[in-house]
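> pasting the sequence and the predicted model now:
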Amino acid sequence: IIQMAGGKRKTTTTTPSSSPKKKAKSKKSSSGNTMRRSKQSSGASRSYSSGLDEDAIVQMFVDIADEDDPYVAGMEGISKLSDDLGIDPLEDIRILVLLWKLGADEKPAQISKEEWKKGCIKLQVDSIKKFQALLPALDTGFLDRTEFRDFYKFCFQFNRQGTHRTLDKDLVSALAPMVLKDRVSSDRLTTFADFLGVTKDESYSRITLDQWMSFLDFCYEVEDIADFDESTSAWPVLIDEYVEYLEKLEKK
């Protein structure tokens, strides 16, 4: 685009008194300088203005990219990245925090090459060693409430499968405690998973994003179930029925 714009400027500023030979000579000299610069820089790693090694960033992605699509890294590649970082992708929430910070939100369960490159520049990393140095800062305890809510939403979206816009309730029961640990009481997390497990309402076999987000808001706003007033609440029916389940447990 820059070259095209430059050519256009030259065309519009040409006058009858201009010397074509002089312009041709200047162009040749410029081309020669470009060729010399190209030769001098051949073999050297490309770098961004930030000083990061672009080739190293791309190579890291190549190492985790899908075999049938070099522009995408799916769950297999993400598991490999986790292994390289020395963390368990099934137990360590930091891999989800890392993917969130990298900006892996184009499609569920994957990160694209473009997202990877932009994310690495944002996080200032171009090696596994630098990624490992980031791990302590990926603890969710460092996120304020607004940041955490955005991350919590990402966790739902990233774990969707295919074109499904909902999550299986069994996945929710496993994911919620992993994401909400230290944010929500373990008793609240346990009883919610138990409620999903025993409910016979087929409409709760899959959980919507609204229900997922409402559970977090409910945990923040209603710490004591005794303060819950269904008549004035605007929670999804799922939350109302969960509270009824808790009240029955208290009566036993």
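On my side now, so go ahead.

> only C-alpha atoms for contact and neighbour calcs from this point on.
Noted.

> residue 98 and residue 138 touch, don't they?
Yes: if you go by C-alpha atoms under 8 Å, residue 98 and residue 138 touch, sitting 6.7 Å apart.

> do a quick rundown of the strands in the chain.
Assigned by DSSP state E, the strands in the chain fall at 72-73, 111-112, 167-168, 206-207.

> I'd like these written out as CSV, with distance to residue 105, mean neighbour count and mean pLDDT added.
Converted to CSV, those look like this (distance: least, C-alpha to C-alpha, whole Å; neighbours: other C-alpha atoms under 10 Å; pLDDT from 0 to 100):
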stretch, distance to residue 105, mean neighbour count, mean pLDDT
strand 72-73, 12, 23, 98
strand 111-112, 7, 23, 98
strand 167-168, 16, 18, 98
strand 206-207, 19, 18, 98
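
> need these in a markdown table with distance to residue 178, can you?
A markdown table is the format used below for the strands of the chain (distance: least, C-alpha to C-alpha, whole Å):
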| stretch | distance to residue 178 |
| --- | --- |
| strand 72-73 | 23 |
| strand 111-112 | 21 |
| strand 167-168 | 15 |
| strand 206-207 | 17 |
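
> chain neighbours aside, what residue packs nearest to residue 239?
Spatially, and ignoring its direct neighbours in sequence, residue 239 is nearest to residue 215 (7.1 Å; C-alpha to C-alpha, 6 or more residues apart in numbering).

> likewise for residue 112?
Residue nearest to residue 112 in three dimensions, not counting chain neighbours: residue 72, with 4.5 Å by C-alpha to C-alpha, 6+ apart.

> wait, that neighbour sits on residue 109?
No: in this structure residue 72 lies outside contact range of residue 109 using C-alpha under 8 Å: 10.2 Å.

> show me what contacts residue 172?
Taking C-alpha atoms under 8 Å, 6 or more residues apart in numbering, we find residue 172 in contact with 193, 207.

> burial check on the spatially closest residue to residue 95 that is not a sequence neighbour, number of neighbours?
What sits nearest to residue 95 in space, not counting adjacent residues and going by C-alpha to C-alpha, 6+ apart, is residue 89, at 6.2 Å. Number of residues near residue 89 (other C-alpha atoms under 10 Å) recorded here: 17.

> quick one: residue 89 from residue 160, how far?
Counting by C-alpha to C-alpha, to the nearest Å, the gap from residue 89 to residue 160 is 16 Å.

> what pLDDT does the model give the closest residue to residue 79 other than its chain neighbours?
Excluding the flanking residues, the one nearest residue 79 by C-alpha to C-alpha, 6+ apart is residue 89, at 6.1 Å. Per-residue pLDDT puts residue 89 at 93.

> now swap in residue 47 and tell me
At residue 47, pLDDT is 71.

> in this structure it contacts residue 56, no?
No: using C-alpha under 8 Å, residue 47 is not in contact with residue 56, being 9.2 Å away.

> between these two, which is the more surrounded one?
When neighbours are counted by other C-alpha under 10 Å, residue 47 and residue 56 differ, and residue 56 comes out ahead with 17 against 13.
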